[in-house]
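Enquirer: Just the structure for this:
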Amino acid sequence: MEKILIKDVHIVNEGTIMHGDILVHQGVIQEIGESISAKSSDVHVFDAEGKYLLPGIIDDQVHFREPGLTHKADIKSESRAAVAGGITSFMEMPNTNPQTTTIEKLEEKFAIAKEHSHANYSFMFGGTNDNLEEILKVDKKNVAGLKLFLGSSTGNMLVDNEEILEKIFSSTNLRISVHCEDEQTIKDNLAIYKERYGDDIPIHLHPIIRSEDACYISSSRAIELAKKTGANLHVFHLSTAKETHLFDNTIPLEEKKITSEVCIHHLWFSDQDYEDKGTHIKWNPAVKTAADREELFKALLDDRIDVIATDHAPHTLEEKDQVYTKAPSGGPLVQHALPAMLEFYHQGRISLEKIVQKMCHNPAILFQVEKRGYIREGYKADLVLVDLNAPWTVQKENILYKCGWSPFEGTTFKSRITHTFVNGRLAYKNFKVYDDTFGERLTFDR
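Expert: Alright, predicted model coming up:
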């Protein structure tokens, strides 16, 4: 479609909600106004019927499993699920097989995405104990950032050499995103329970093994190192109340050098859900207490936490249903993240404007994404149309993840994403993904 006119819509953008129309031409938002008329016959008119229009979500943390782990997921399948969930741009993590720790492997992933991704895409470059030379070759204008695992996770990319870590922090001006859990604390805790239970450790002990201390020790050290070296640090997926006090809300995001995010599962679930959900909600860092969850929400609302992401990390049910020590951590989330946040809106816990700030505007600011994350004239037309009063239930039949399951199965959401536009083209409508619509490589204004 060359020209699209979206009429009678509530536009949620930059802290306000405005009723009006939007004209899109050649993938770009051309005009925003109270009433725009179709001036030529080649304009395709969408009557939004008073629905709500949001900027496309930018998810700064996903694992789409390609290459090497495509029995769980791949870029095509998960980007389809993403656009169904209103996520129009993603940043994918480096712990694939092979790992994305050389420029060559990075460009191979970009080539796959160019062929198959329904959403706009970029990739994090992975840091290890021995690839500093490769890190320094990364073009900051064309790559989302650098990812370091400071606690082991899928793919065994642990950076545990303190001297190398300081060199990386001192040498790169890329934003460094970190997974923070202290490896020794986890090993010590795991040994205690493995001696008691063998491999079949009760799942409710997961947040005791991957404990508050494990998280706080690692995140506080990373922040200390960032302050020492002047690095730009983004701490992924906070899971504890204690960690929220490490972050500042007294300065604008554009001026922050140390930032943080929270993921959907840490806002939705608590340790009380392990009994029902079992290893299906086994994540690293672990879902912790209801008190932690409440403090995370409070820090999100008062801007100590800057971004909401998914950490979408699918595994097959066969893998997830193994005993504790063998069941991998992670779960699929991109299709259901926005509906979950909209449920909090219905509960009166967060405004639509705040959801858009944390899921659209702030990732764009933080990673300096060019011309996305806002509904502005001249910006790319990544747009999400939402019906706030169209209940639907998550069921096997409407799950688009390649792994075929969701921790939200059986949940009824009050709001439904009806349309998603990627670069001005209709990518999704009412549970149907259009396979002729593809994303573009994200660029960065650095």
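Enquirer: Tell me the helix or strand right after the longest helix belonging to the chain.
Expert: The helix of greatest length in the chain, counted in residues with DSSP state H as the criterion, is given as helix 212-229. Using DSSP states H and E, the helix or strand that follows helix 212-229 towards the C-terminus is strand 233-235.
Enquirer: Can you give the distance of that following strand from its chain's centre?
Expert: Using C-alpha atoms, centre = their mean, to the nearest Å, the mean C-alpha position of strand 233-235 is found 14 Å from that of the whole chain.
Enquirer: In whichever helix or strand comes after that strand, which residues are buried?
Expert: Using DSSP H and E, the helix or strand that follows strand 233-235 in sequence is helix 241-244. For helix 241-244, burial by neighbour count (16 or more other C-beta atoms under 10 Å) applies to Ala241, Lys242, Glu243, Thr244. For glycine as for every other residue, the C-beta is placed from the backbone atoms N, C-alpha and C.
Enquirer: can you pull the contacts of the first one?
Expert: Spelled out, that is Ala241. Neighbouring residues of Ala241 by C-beta atoms under 8 Å, 6 or more residues apart in numbering: Ala291, Asp292, Glu294, Glu295, Leu296.
Enquirer: Isn't Thr101 up against Gly126?
Expert: Yes - the pair formed by Thr101 and Gly126 meets the contact definition of C-beta atoms under 8 Å, at 4.4 Å.
Enquirer: So which of these two has more stuff around it?
Expert: Here Thr101 and Gly126 are set side by side on neighbour count (other C-beta atoms under 10 Å), and the busier one is Gly126, at 25 against 21.
Enquirer: beta partners for that one?
Expert: Applying DSSP bridges to Gly126 gives these bridge partners: Lys147.
Enquirer: Does it touch Glu92 like I think?
Expert: No - taking contacts as C-beta under 8 Å, Gly126 lies outside contact range of Glu92: 10.9 Å.
Enquirer: need the helices for the stretch 251-400 of the chain, in chain order.
Expert: With DSSP state H, counting those that start in this stretch as the criterion, the stretch 251-400 of the chain has helices at 264-268, 274-277, 290-301, 317-320, 337-346, 352-356, 362-367.
Enquirer: which residues of the protein score low on pLDDT?
Expert: Along the chain, the model assigns pLDDT under 70 to residues 1, 151-156.
Enquirer: Which single one of the contacts of Ala241 is nearest to Ile57?
Expert: Distances from Ile57 to the contacts of Ala241, taken as C-beta to C-beta, are shortest for Leu296 (19.0 Å).
Enquirer: In contact with the closest one, which residues are there?
Expert: With contacts defined as C-beta under 8 Å, 6+ apart, Leu296 is in contact with Leu238, Ser239, Ala241, Thr244, Val262, His266, Leu267, Ile305.
Enquirer: what's the neighbour count on the closest residue to the last one other than its chain neighbours?
Expert: With C-beta to C-beta, 6 or more residues apart in numbering as the measure, Ala299 is the residue that lies nearest to Ile305, at 4.6 Å, once sequence neighbours are left out. The local packing count at Ala299 equals 22, with neighbours defined by other C-beta under 10 Å.
Enquirer: And for Thr393?
Expert: Residue neighbour count, defined by other C-beta under 10 Å, stands at 11 for Thr393.
Enquirer: about what we covered before: Produce a PyMOL select command limited to the buried residues of the contacts of Ala241.
Expert: For anyone working in PyMOL, the buried entries among the contacts of Ala241, judged by 16+ other C-beta under 10 Å, can be selected with:
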select buried, resi 292+295+296
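Enquirer: Kindly reformat the contacts of Ala241 as a markdown table containing distance to Val43.
Expert: What follows is these, written out as a markdown table (distance: C-beta to C-beta, whole Å):
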| residue | distance to Val43 |
| --- | --- |
| Ala291 | 53 |
| Asp292 | 50 |
| Glu294 | 48 |
| Glu295 | 49 |
| Leu296 | 44 |
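Enquirer: of the contacts of Ala241, closest to Lys432?
Expert: The shortest distance between Lys432 and any of those, using C-beta to C-beta, involves Leu296 and amounts to 34.5 Å.
Enquirer: Could you measure from that closest one over to Pro332?
Expert: Distance from Leu296 to Pro332, counting by C-beta to C-beta, to the nearest Å: 21 Å.
Enquirer: One more: His206?
Expert: Taken as C-beta to C-beta, the spacing of His206 relative to Pro332 amounts to 18 Å.
Enquirer: what do you get for Ala390?
Expert: With distances defined as C-beta to C-beta, the gap from Ala390 to Pro332 amounts to 22 Å.
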